[in-house]
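**Q** Fold the stuff below for me.
(one chain, ligands or ions: 1)
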Amino acid sequence: MIERRETLESELISVRDYIRWGASRFNQAKLFMGHGTDSAWDEAVQLVLHSLHLPRDMGPEILDARLSLCERKEVLAQLERRIQERIPAAYITGEAWFSGLPFNVDSRVLVPRSPIAELIEQGFEPWLKEEPARILDLCTGSGCIGIACALTFPSSQVDLSDISEDALAVAQSNIERHGVDDQVATVHSDLFAGLKGEKYDLIVSNPPYVNEDDLASMPAEYHAEPAIGLGSGKDGLDFTRRLLAEAQSHLTDDGVLLVEVGNSWAALDDQFPLLPFTWLEFERGGHGVFVLTAEQLRGQMRQHH
Ligand SMILES: C[S@@+](CC[C@H](N)C(=O)[O-])C[C@H]1O[C@@H](n2cnc3c(N)ncnc32)[C@H](O)[C@@H]1O
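**A** The predicted structure is shown next:
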């Protein structure tokens, strides 16, 4: 369907009109949702409200408000950008929400969407016996997991580590955005290489874990994200295998390791039959997140080698 801009600008008048038009065009273009929203309607709401500089939780009273001509142009431009460029809406708005908190995002980091948010909100019950003194968010990207942990556990010190300096720059901007500079620091590190001698009560990680088959069949929106954040070898587990071999020496005696591996969970479970992974369940969706205690790792990795 080809619609002229000028015609659209005169026919579409209210906030409701623009959301409806956007949702229809998104469905028609078969856009992929899943980077923070799960429907064309929600995606259109996000982009329209953002273009109008309105909070994302506006009530329905806004739907009949009329847009100025200038606003119509701006809203249409953003909705069209989502279709033409096939990039996640969060890269257009520059913001994503995780565990009820806003984070700066751009194409240097993955769009936050880990189900680990739910566990943070529950204070990692029942896995942590007490508030952790030191937390490592390994493979931090935007810093969303570590910063949400810092806000949940105000007396914890949190390190955010990543191999990508670009990602760490975004994480640093989020540390400043949330005013947690005295509690949270970034560390440039390939796995634990930059963290020699450091020990943590909680290591939480959403590392790259997508296997080659899944990577090849991913919609365009994923290819807008940094490749280093998604793939990890043929079975998606190159990073996690290294992590399991080294994690134990970076955990305190009562430490806990919590890692997301998504669809690669079954392959991991098969490869480490002696490790007593606990696979967690989520109310808001998601799967493939395991917990291991330092004690479990100590005993079983010895047998594995
Ligand atoms: C799946 S993204 C997760 C980002 C963030 N934790 C989140 O949940 O949105 C994985 C991150 O791991 C980082 N990464 C990849 N390989 C790494 C390595 N060897 N050591 C440290 N970080 C790595 C990538 O740069 C990317 O930021």
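**Q** Report the backbone C-alpha coordinates of stretch 12-20 in PDB.
**A** Taking C-alpha atoms only, stretch 12-20 is exported to PDB below (Å, rounded to 0.1, in the frame of the first residue of the first chain):
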ATOM      1  CA  LEU A  12      -4.700  10.900  10.600                       C
ATOM      2  CA  ILE A  13      -5.500  13.300  13.400                       C
ATOM      3  CA  SER A  14      -5.500  11.800  16.900                       C
ATOM      4  CA  VAL A  15      -3.000   9.800  18.900                       C
ATOM      5  CA  ARG A  16      -5.400   6.900  18.500                       C
ATOM      6  CA  ASP A  17      -5.200   7.300  14.600                       C
ATOM      7  CA  TYR A  18      -1.400   7.200  14.600                       C
ATOM      8  CA  ILE A  19      -1.200   4.200  16.900                       C
ATOM      9  CA  ARG A  20      -3.800   2.300  14.800                       C
END
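**Q** got a list of contacts for it?
**A** 11, 21, 41, 44-45, 48, 52, 62-67, 72, 75-76, 79 (CB atoms under 8 Å, 6 or more residues apart in numbering). In this view, the C-beta of every residue, glycine as well, is placed from N, C-alpha and C.
**Q** Pass me the low-pLDDT residue ranges in the stretch 201-305 of the chain, would you?
**A** 301-305 (pLDDT under 70).
**Q** Going along the chain, name the strands of the protein.
**A** 95-98, 101-104, 134-138, 157-162, 184-188, 200-205, 251-260, 278-279, 289-293 (DSSP state E).
**Q** Please spell out the PyMOL selection for the buried subset of the contacts of stretch 12-20.
**A** Per 16 or more other CB atoms under 10 Å, the buried members of the contacts of stretch 12-20 correspond to this PyMOL selection:
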select buried, resi 21+41+44+45+48+52+62+67+72+75+76+79
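**Q** Contacts only, for the closest residue to residue 190 other than its chain neighbours.
**A** Once flanking residues are discounted, residue 190 sits nearest to residue 163: 4.8 Å by CB to CB, 6 or more residues apart in numbering. Neighbour list for residue 163: 139, 188, 189, 190, 191, 228 [criterion: CB under 8 Å, 6+ apart].
**Q** For this structure, what lies in contact range of the ligand?
**A** Residues of the chain lying close to the ligand (CB under 6 Å from any ligand atom) are 109-110, 112, 114, 139-142, 144-145, 162-164, 167, 190-191, 206-208, 228-229, 239.
**Q** Generate JSON lines for the strands of the chain, with mean neighbour count and distance to residue 171 as supplementary columns.
**A** Putting those into JSON lines (neighbours: other CB atoms under 10 Å; distance: least, CB to CB, whole Å) gives the following:
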{"stretch": "strand 95-98", "mean neighbour count": "20", "distance to residue 171": "13"}
{"stretch": "strand 101-104", "mean neighbour count": "19", "distance to residue 171": "9"}
{"stretch": "strand 134-138", "mean neighbour count": "26", "distance to residue 171": "9"}
{"stretch": "strand 157-162", "mean neighbour count": "25", "distance to residue 171": "5"}
{"stretch": "strand 184-188", "mean neighbour count": "19", "distance to residue 171": "5"}
{"stretch": "strand 200-205", "mean neighbour count": "26", "distance to residue 171": "14"}
{"stretch": "strand 251-260", "mean neighbour count": "20", "distance to residue 171": "17"}
{"stretch": "strand 278-279", "mean neighbour count": "13", "distance to residue 171": "28"}
{"stretch": "strand 289-293", "mean neighbour count": "21", "distance to residue 171": "21"}
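**Q** any low-confidence regions in the stretch 1-150 of the chain?
**A** In the stretch 1-150 of the chain, residues with pLDDT under 70: 1-2.
**Q** which residue packs closest to the residue of the chain found nearest the ligand, ignoring adjacent ones?
**A** Residue of the chain nearest the ligand, by CB to the nearest ligand atom: residue 141 (2.5 Å). Nearest non-adjacent residue to residue 141, counting by CB to CB, 6+ apart: residue 109, 4.3 Å away.
**Q** contacting residues for that neighbour?
**A** 141, 142, 166, 167, 170, 171, 226, 229.
**Q** If we use 6 Å, what do you get?
**A** Contacts for residue 109 (CB atoms under 6 Å, 6 or more residues apart in numbering) come out as 141, 142, 167, 170.
**Q** This completes my enquiry, with thanks.
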